[in-house]
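Trainee: model this:
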Amino acid sequence: MTARRSSQRGRRRGSRPGPDIRGANWDTLFQSLGRIEVVLLVGAILLLLVLIYSIQSIVSPFLVLGAILFLLYPLRGYSLAKKIMWLSAILFGIWFAVSISSILAPFVVSMVMAYVMNPIVESFERWSVPRWVTSLILILILIGVITLLFFFLLPVILTQFEGILDSLSKLIADFNSWVWNSSLVKALERYGISADEVRSTFTSQVMPKLDDILKNLLQGLLVLAGSISSLVTQIFYVVLVPFLTFYMLADLPKIHRRFLLLFPQRLRDRVERYLESADEIIGRYLRGAILVAFMQGILVAVLFSVVGIKYALMLGAVAAVLDLVPYFGLIVTMVIAAIVATFSDPPVLPKVLFALGSIEALRIFETMYLSPKIVGGRVGLHPLIVIFSILVFFYFLGFVGLLVAVPVTALIILLVREWEADKRGIALEDYHSAKPQ
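Mentor: Take a look at the predicted model:
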């Protein structure tokens, strides 16, 4: 009898099921709650806010994301709740990636290297050479190049940077001596201005500031080079980056397939087509631009060494890096080359003119022959768009923004064209043929 009564009470308690939230909206949810339940819910929310304020010193994005998912998971049938959960997860992912960016750095570098070298592996794979064999050979070659660069060439480049700083200091001292031993002193005395006071003011105020400005400009480049060298030559990176690159390069097709599995089945074909188009644009541009910049750096270093321009190796390295920055890189390279060429042995003027002329000739050679043959014209960005994107990316990301501005902009434009083609109901290839590149 007691068990029967307990069963009946259980059925009576279970006879009032909770609201079915699937396919419902927020109004339906609140209408299904009684007044007392609403008061309790609001009170609980207020107390939760008080609790969060009390423990704010230990609140982290992990706790906030967990709380959001805990509260909204029962309401996942609502469209708004689902969007809030996805937005919270995306924001948490961005915060997490930025927070561990230093840890992710070797993985990003390894992925870029694997992506750049992947066409070579695929070419040998067509000849029935296993991917791991080609990957291992490329990694060994990469280790040899890094060793040669950072243990033999980098000390020479840093020494040449120091030589430029010393030459700048000597140039400023010579200019100071020339000014105060010329007719300027006599002219000042003629108008009743004490040359000693002007000399003292100029020496104590103007010259140190000018010297600091020039030194800071070049020391900034020196610090950048030193930071990169110290970063790459760390034992952890030297060991880890080639190791990661080998596995990523050997398993890149598997990584590609695993990445596609992150998307729903109905979107995988579209994502794969978009990745193929992006690889055609970004991959060819990235690999071609790196190869062209490397060739430009070698040509600048060789030509300047033959002519007798000082610090040729350093100028070649600067030209190679700045060649990755369209338009602005050329201007900065020419200015730096002209300034550094003035430190060469006499006659100076022919060497300055040769430095400017050779860089311009190499740019024409790159534009007319190297880039069309190696990079290709698939990026197809208008010069105004390129300049604008470089300025925007440089403003937000600094020097790294200069390097990624063109490929990222091309990727964004590709995404926009994909959206327009899908909106018009035509294939992306037909859209490309209808639109001028």
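Trainee: so how far is P119 from Q265?
Mentor: Using CB to CB, to the nearest Å, Q265 is found at 29 Å from P119. Every residue, glycine included, has its C-beta placed from N, CA and C.
Trainee: The two - which one has more neighbours?
Mentor: Neighbour tally, Q265 and P119, criterion other CB atoms under 10 Å: the higher count belongs to P119, 12 against 8.
Trainee: count of neighbours near the closest residue in space to that one that isn't next to it in sequence?
Mentor: Spatial nearest neighbour of P119, excluding adjacent residues (CB to CB, 6 or more residues apart in numbering): R287 at 7.1 Å. Other residues within reach of R287, judged by other CB under 10 Å, total 18.
Trainee: per-residue confidence at R287?
Mentor: According to the prediction, R287 has pLDDT 83.
Trainee: try L428
Mentor: 56.
Trainee: Output the below-cut-off pLDDT ranges for the stretch 51-200 of the chain.
Mentor: Filtered on pLDDT under 70, the stretch 51-200 of the chain yields the residue ranges 165, 168-169, 171-200.
Trainee: Now do the same for T147: helix, strand or coil?
Mentor: Secondary structure for T147, judged by DSSP: H, G, I helix; E, B strand; the rest coil, is helix.
Trainee: meant to ask about G77
Mentor: At G77 the chain is in coil, as set by three-state DSSP.
Trainee: Off-centre distance for the strand or helix carrying L87?
Mentor: Assigned by DSSP states H and E, L87 falls within helix 79-99. With CA atoms, centre = their mean, to the nearest Å as the basis, helix 79-99 stands 22 Å off its chain's centre.
Trainee: what sits up against that helix?
Mentor: For helix 79-99, the external contacting residues (CB atoms under 8 Å, 6 or more residues apart in numbering) are W26, P61, V64, L65, I68, L69, L72, Y73, L75, R76, L104.
Trainee: list the buried ones in the helix or strand following it?
Mentor: Counting by DSSP H and E, the element after helix 79-99 in chain order, helix or strand, is helix 101-125. Buried residues in helix 101-125, counting neighbours by 16 or more other CB atoms under 10 Å, are found at P106, V109, S110, M111, M113, A114, Y115, V116, M117, N118, V121, F124.
Trainee: returning to what we had before: okay, the residue nearest to P119 and S88: tell me how far apart.
Mentor: Note on R287: its distance to S88, by CB to CB, is 38 Å.
Trainee: again, but for L370
Mentor: L370 is 48 Å from S88, where distance means CB to CB.
Trainee: Show me what the helix or strand L48 falls within is packed against.
Mentor: Applying DSSP H and E as the criterion places L48 in helix 35-54. Packing partners of helix 35-54 (3 or more CB pairs under 8 Å, 6 or more residues apart in numbering; DSSP states H and E): none among the helices and strands.
Trainee: Which is the succeeding secondary structure element to that helix?
Mentor: Next along the chain after helix 35-54, taking DSSP H and E as the criterion, comes helix 61-72.
Trainee: then the helix holding L87 to PDB, C-alphas only?
Mentor: Provided in PDB are the C-alpha atoms of helix 79-99 (Å, rounded to 0.1, in the frame of the first residue of the first chain):
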ATOM      1  CA  SER A  79      18.500  29.900 -32.100                       C
ATOM      2  CA  LEU A  80      19.600  32.900 -30.100                       C
ATOM      3  CA  ALA A  81      21.100  30.600 -27.300                       C
ATOM      4  CA  LYS A  82      22.900  28.600 -29.900                       C
ATOM      5  CA  LYS A  83      24.400  31.700 -31.500                       C
ATOM      6  CA  ILE A  84      25.500  33.100 -28.100                       C
ATOM      7  CA  MET A  85      27.300  29.800 -27.400                       C
ATOM      8  CA  TRP A  86      29.100  29.800 -30.700                       C
ATOM      9  CA  LEU A  87      30.100  33.400 -30.300                       C
ATOM     10  CA  SER A  88      31.400  32.800 -26.900                       C
ATOM     11  CA  ALA A  89      33.400  29.800 -28.100                       C
ATOM     12  CA  ILE A  90      34.900  31.800 -31.000                       C
ATOM     13  CA  LEU A  91      35.900  34.700 -28.700                       C
ATOM     14  CA  PHE A  92      37.400  32.300 -26.200                       C
ATOM     15  CA  GLY A  93      39.300  30.600 -29.100                       C
ATOM     16  CA  ILE A  94      40.700  34.000 -30.200                       C
ATOM     17  CA  TRP A  95      41.700  34.900 -26.700                       C
ATOM     18  CA  PHE A  96      43.300  31.500 -26.100                       C
ATOM     19  CA  ALA A  97      45.300  31.600 -29.400                       C
ATOM     20  CA  VAL A  98      46.600  35.100 -28.600                       C
ATOM     21  CA  SER A  99      47.500  34.100 -25.000                       C
END
